[in-house]
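> Quick one: sequence and predicted model below, then my questions.
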Amino acid sequence: MPFQCAARTDVGRRRKINEDAIACRPDLGLWVVADGMGGHDAGEVASALVVERLIRALEAAPDPAARVEAARAALAEANAALVALGGEGPDRRTIGSTVVALVDGGDGRLTCLWAGDSRAYRLDGAGLTQISRDHSLVQDLVEAGVLTPEEAPSHPNANVITRAVGASPRLLVDGLDAGPATGAAYLLASDGLTRLASDAELAQALAAADLDAAADDLLTMCLERGAPDNVSLVMMRG
Ligand SMILES: [Mn+2]
(Lines give C-alpha, C1' and ligand atoms only; values in the text may rest on other atoms or scores of the structure.)
Protein backbone atom coordinates (compact mmCIF):
# COMPACT_ATOMS: atom_id res chain seq x y z
CA MET A 1 0.00 0.00 0.00
CA PRO A 2 1.52 3.36 -0.96
CA PHE A 3 1.85 5.94 1.79
CA GLN A 4 2.80 9.59 1.52
CA CYS A 5 5.19 10.45 4.35
CA ALA A 6 7.16 13.44 5.57
CA ALA A 7 9.38 13.44 8.65
CA ARG A 8 11.57 16.07 10.31
CA THR A 9 13.62 16.25 13.49
CA ASP A 10 15.53 19.34 14.59
CA VAL A 11 17.56 20.35 17.63
CA GLY A 12 15.60 23.63 17.91
CA ARG A 13 17.00 26.98 19.02
CA ARG A 14 18.10 26.45 22.62
CA ARG A 15 19.17 22.84 23.17
CA LYS A 16 22.70 21.71 22.37
CA ILE A 17 21.76 18.20 21.30
CA ASN A 18 18.74 16.58 19.71
CA GLU A 19 17.42 13.92 22.09
CA ASP A 20 14.47 13.06 19.82
CA ALA A 21 14.57 10.16 17.39
CA ILE A 22 12.17 9.33 14.57
CA ALA A 23 11.49 6.65 12.01
CA CYS A 24 9.28 6.61 8.94
CA ARG A 25 9.21 3.05 7.58
CA PRO A 26 6.17 2.39 5.39
CA ASP A 27 7.91 -0.81 4.23
CA LEU A 28 7.60 -2.11 7.82
CA GLY A 29 4.25 -0.46 8.58
CA LEU A 30 5.99 1.62 11.27
CA TRP A 31 6.04 5.32 12.07
CA VAL A 32 7.52 6.50 15.36
CA VAL A 33 8.62 9.53 17.39
CA ALA A 34 10.64 9.15 20.61
CA ASP A 35 11.75 11.96 22.93
CA GLY A 36 14.65 11.01 25.18
CA MET A 37 15.56 12.28 28.63
CA GLY A 38 18.36 11.81 31.11
CA GLY A 39 20.95 14.47 30.37
CA HIS A 40 24.67 13.94 29.65
CA ASP A 41 23.91 12.30 26.30
CA ALA A 42 21.62 9.69 27.90
CA GLY A 43 18.48 11.04 26.26
CA GLU A 44 19.71 10.58 22.73
CA VAL A 45 20.88 7.06 23.59
CA ALA A 46 17.44 6.23 24.99
CA SER A 47 15.35 7.54 22.10
CA ALA A 48 17.66 5.95 19.51
CA LEU A 49 17.49 2.61 21.33
CA VAL A 50 13.68 2.67 21.41
CA VAL A 51 13.44 3.39 17.68
CA GLU A 52 16.11 0.82 16.77
CA ARG A 53 14.40 -1.93 18.81
CA LEU A 54 11.09 -1.22 17.12
CA ILE A 55 12.64 -1.35 13.64
CA ARG A 56 14.53 -4.55 14.41
CA ALA A 57 11.42 -6.23 15.84
CA LEU A 58 9.27 -5.40 12.83
CA GLU A 59 11.99 -6.49 10.41
CA ALA A 60 11.86 -9.87 12.17
CA ALA A 61 8.06 -10.10 12.43
CA PRO A 62 6.84 -13.11 10.44
CA ASP A 63 3.91 -11.24 8.88
CA PRO A 64 2.06 -7.92 9.23
CA ALA A 65 -0.51 -9.44 11.61
CA ALA A 66 2.33 -10.07 14.10
CA ARG A 67 3.58 -6.48 14.06
CA VAL A 68 1.64 -5.00 16.97
CA GLU A 69 2.64 -7.77 19.36
CA ALA A 70 6.24 -7.57 18.08
CA ALA A 71 6.25 -3.81 18.70
CA ARG A 72 4.91 -4.27 22.24
CA ALA A 73 7.58 -6.89 22.95
CA ALA A 74 10.26 -4.57 21.55
CA LEU A 75 9.15 -1.77 23.86
CA ALA A 76 9.27 -4.11 26.87
CA GLU A 77 12.81 -5.12 25.88
CA ALA A 78 13.84 -1.50 25.34
CA ASN A 79 12.46 -0.71 28.79
CA ALA A 80 14.52 -3.45 30.43
CA ALA A 81 17.64 -2.33 28.55
CA LEU A 82 17.24 1.31 29.62
CA VAL A 83 16.44 0.42 33.25
CA ALA A 84 19.66 -1.65 33.30
CA LEU A 85 21.59 1.20 31.70
CA GLY A 86 20.37 3.57 34.41
CA GLY A 87 22.12 1.50 37.07
CA GLU A 88 21.08 0.68 40.63
CA GLY A 89 21.21 2.15 44.10
CA PRO A 90 21.77 5.78 45.05
CA ASP A 91 23.59 6.55 41.80
CA ARG A 92 20.70 5.32 39.69
CA ARG A 93 19.53 7.80 37.08
CA THR A 94 16.63 7.60 34.71
CA ILE A 95 17.63 7.05 31.11
CA GLY A 96 14.30 7.13 29.42
CA SER A 97 12.29 8.08 26.40
CA THR A 98 8.74 8.73 25.42
CA VAL A 99 7.41 6.79 22.47
CA VAL A 100 4.47 7.21 20.14
CA ALA A 101 4.14 4.81 17.22
CA LEU A 102 1.68 3.86 14.52
CA VAL A 103 1.80 0.24 13.42
CA ASP A 104 0.05 -1.07 10.31
CA GLY A 105 -1.29 -4.52 11.18
CA GLY A 106 -1.76 -5.46 7.53
CA ASP A 107 -5.57 -5.44 7.74
CA GLY A 108 -5.79 -1.81 6.65
CA ARG A 109 -6.00 -0.53 10.24
CA LEU A 110 -3.40 1.25 12.30
CA THR A 111 -2.67 0.73 15.99
CA CYS A 112 -1.28 3.59 18.07
CA LEU A 113 1.09 2.62 20.90
CA TRP A 114 2.50 5.20 23.27
CA ALA A 115 4.05 6.07 26.63
CA GLY A 116 4.71 9.66 27.70
CA ASP A 117 3.67 12.96 26.16
CA SER A 118 4.63 12.61 22.53
CA ARG A 119 1.38 12.65 20.60
CA ALA A 120 -0.54 11.10 17.73
CA TYR A 121 -3.22 12.98 15.80
CA ARG A 122 -5.60 11.92 13.05
CA LEU A 123 -7.30 14.17 10.50
CA ASP A 124 -10.28 12.85 8.59
CA GLY A 125 -13.67 14.09 7.40
CA ALA A 126 -14.73 14.61 11.02
CA GLY A 127 -11.78 16.91 11.74
CA LEU A 128 -8.67 16.64 13.91
CA THR A 129 -8.56 14.10 16.76
CA GLN A 130 -5.77 13.63 19.30
CA ILE A 131 -5.50 9.83 19.45
CA SER A 132 -3.04 9.55 22.33
CA ARG A 133 -3.63 10.83 25.85
CA ASP A 134 -0.57 12.45 27.45
CA HIS A 135 0.96 10.55 30.34
CA SER A 136 1.82 13.77 32.15
CA LEU A 137 1.19 15.51 35.43
CA VAL A 138 -0.68 18.39 33.79
CA GLN A 139 -2.94 16.01 31.84
CA ASP A 140 -3.87 14.36 35.16
CA LEU A 141 -4.58 17.82 36.62
CA VAL A 142 -6.76 18.74 33.62
CA GLU A 143 -8.76 15.53 33.98
CA ALA A 144 -9.14 16.18 37.72
CA GLY A 145 -10.55 19.61 36.90
CA VAL A 146 -7.66 21.42 38.60
CA LEU A 147 -6.31 22.99 35.39
CA THR A 148 -8.01 24.02 32.17
CA PRO A 149 -6.58 22.63 28.93
CA GLU A 150 -5.49 26.20 28.10
CA GLU A 151 -3.52 26.55 31.34
CA ALA A 152 -1.71 23.21 31.00
CA PRO A 153 1.07 24.09 28.50
CA SER A 154 2.37 27.02 30.58
CA HIS A 155 2.19 25.23 33.96
CA PRO A 156 5.60 25.18 35.73
CA ASN A 157 5.48 21.35 35.79
CA ALA A 158 4.29 21.00 32.19
CA ASN A 159 7.35 18.90 31.37
CA VAL A 160 6.74 16.25 34.07
CA ILE A 161 5.69 12.99 32.47
CA THR A 162 4.22 10.07 34.38
CA ARG A 163 5.31 7.29 32.02
CA ALA A 164 8.35 6.64 29.86
CA VAL A 165 10.29 3.74 28.43
CA GLY A 166 13.13 3.17 30.93
CA ALA A 167 11.50 4.95 33.87
CA SER A 168 10.54 1.89 35.91
CA PRO A 169 10.94 -1.91 35.74
CA ARG A 170 7.34 -2.38 34.62
CA LEU A 171 6.32 -0.37 31.56
CA LEU A 172 2.67 0.14 30.71
CA VAL A 173 2.24 1.02 27.04
CA ASP A 174 -1.17 2.31 26.01
CA GLY A 175 -2.64 1.07 22.76
CA LEU A 176 -5.63 2.11 20.68
CA ASP A 177 -7.08 1.31 17.30
CA ALA A 178 -6.17 4.46 15.33
CA GLY A 179 -8.55 3.74 12.46
CA PRO A 180 -8.09 2.84 8.81
CA ALA A 181 -4.92 3.94 7.08
CA THR A 182 -6.77 5.16 4.01
CA GLY A 183 -8.91 8.28 3.97
CA ALA A 184 -7.06 9.94 6.82
CA ALA A 185 -3.80 11.72 7.61
CA TYR A 186 -1.74 11.13 10.74
CA LEU A 187 0.79 13.17 12.69
CA LEU A 188 3.21 11.95 15.36
CA ALA A 189 5.01 14.73 17.22
CA SER A 190 7.22 15.45 20.19
CA ASP A 191 6.19 18.08 22.74
CA GLY A 192 8.67 20.50 21.17
CA LEU A 193 6.13 20.83 18.36
CA THR A 194 2.80 20.31 20.12
CA ARG A 195 3.49 23.02 22.71
CA LEU A 196 4.07 25.59 19.99
CA ALA A 197 1.35 24.71 17.48
CA SER A 198 -2.41 25.07 17.73
CA ASP A 199 -4.80 22.30 16.71
CA ALA A 200 -5.87 24.46 13.75
CA GLU A 201 -2.26 24.69 12.57
CA LEU A 202 -1.77 20.94 12.88
CA ALA A 203 -5.02 20.28 10.98
CA GLN A 204 -3.98 22.68 8.23
CA ALA A 205 -0.63 20.91 7.83
CA LEU A 206 -2.28 17.48 7.65
CA ALA A 207 -4.73 18.73 5.02
CA ALA A 208 -2.00 20.17 2.77
CA ALA A 209 -1.66 18.79 -0.75
CA ASP A 210 2.13 18.55 -0.30
CA LEU A 211 3.03 16.88 3.02
CA ASP A 212 6.74 17.58 2.52
CA ALA A 213 6.15 21.33 2.22
CA ALA A 214 3.76 21.18 5.20
CA ALA A 215 6.44 19.47 7.31
CA ASP A 216 8.91 22.23 6.41
CA ASP A 217 6.31 24.86 7.29
CA LEU A 218 5.62 23.33 10.73
CA LEU A 219 9.32 23.13 11.54
CA THR A 220 9.95 26.70 10.36
CA MET A 221 7.01 27.89 12.47
CA CYS A 222 8.48 26.26 15.60
CA LEU A 223 11.91 27.80 14.95
CA GLU A 224 10.33 31.22 14.45
CA ARG A 225 8.54 30.79 17.78
CA GLY A 226 11.83 30.17 19.59
CA ALA A 227 11.89 26.33 19.60
CA PRO A 228 13.03 25.90 23.22
CA ASP A 229 12.98 22.11 22.83
CA ASN A 230 13.85 19.61 20.11
CA VAL A 231 11.16 19.48 17.42
CA SER A 232 10.10 16.24 15.73
CA LEU A 233 7.23 15.28 13.48
CA VAL A 234 6.21 12.38 11.28
CA MET A 235 3.26 12.89 8.94
CA MET A 236 1.64 10.10 6.99
CA ARG A 237 -1.30 9.74 4.65
CA GLY A 238 -2.61 6.41 3.45
MN1 LIG B 1 10.69 17.22 24.17
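The structure has been received and is ready for your questions. Numbering: from 1, shown residues only.

> any idea how far Ala184 is from the residue lying closest to Trp31 once chain neighbours are set aside?
Among residues not flanking Trp31 along the chain, Leu102 sits closest, at 4.6 Å (CB to CB, 6 or more residues apart in numbering). Backbone N, C-alpha and C define where each C-beta goes, glycine included. Counting by CB to CB, to the nearest Å, the gap from Leu102 to Ala184 is 11 Å.

> Comparing those two, which residue is more hemmed in?
Leu102 (25 against 19; other CB atoms under 10 Å).

> I'd say the more buried one and Cys112 touch.
Yes. Counting by CB atoms under 8 Å, Cys112 is a contact partner of Leu102 at 5.7 Å.

> Need the residues touching each of these two.
Ala120, Ala178 (CB atoms under 8 Å, 6 or more residues apart in numbering).

> that older thread, on the pLDDT front, check the residue nearest to Trp31 for me.
Here the pLDDT value assigned to Leu102 is 98.

> And the one 3 residues further on, by the same measure?
According to the per-residue confidence, Gly105 scores 94 in pLDDT.

> again, but for the one 5 residues further on
At Leu110, the pLDDT value in this model is 97.

> Could you do Glu59 as well?
With respect to pLDDT, Glu59 has a value of 98.

> Strands of this protein, start to end?
4-10, 20-25, 30-37, 96-97, 99-104, 109-115, 119-124, 127-130, 174-180, 185-189, 231-237 (DSSP state E).

> among the ones you listed, which is the most enclosed?
Mean neighbour count (mean count of other CB atoms under 10 Å) peaks for strand 96-97 among those, with a mean of 32.

> so what does that one touch, helix or strand wise?
strand 30-37, helix 42-60 (3 or more CB pairs under 8 Å, 6 or more residues apart in numbering; DSSP states H and E).

> Adding distance to the ion as columns, could you present these in JSON lines?
Below are these laid out as JSON lines (distance: least, CB to the ion, whole Å):
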{"stretch": "strand 30-37", "distance to the ion": "4"}
{"stretch": "helix 42-60", "distance to the ion": "9"}
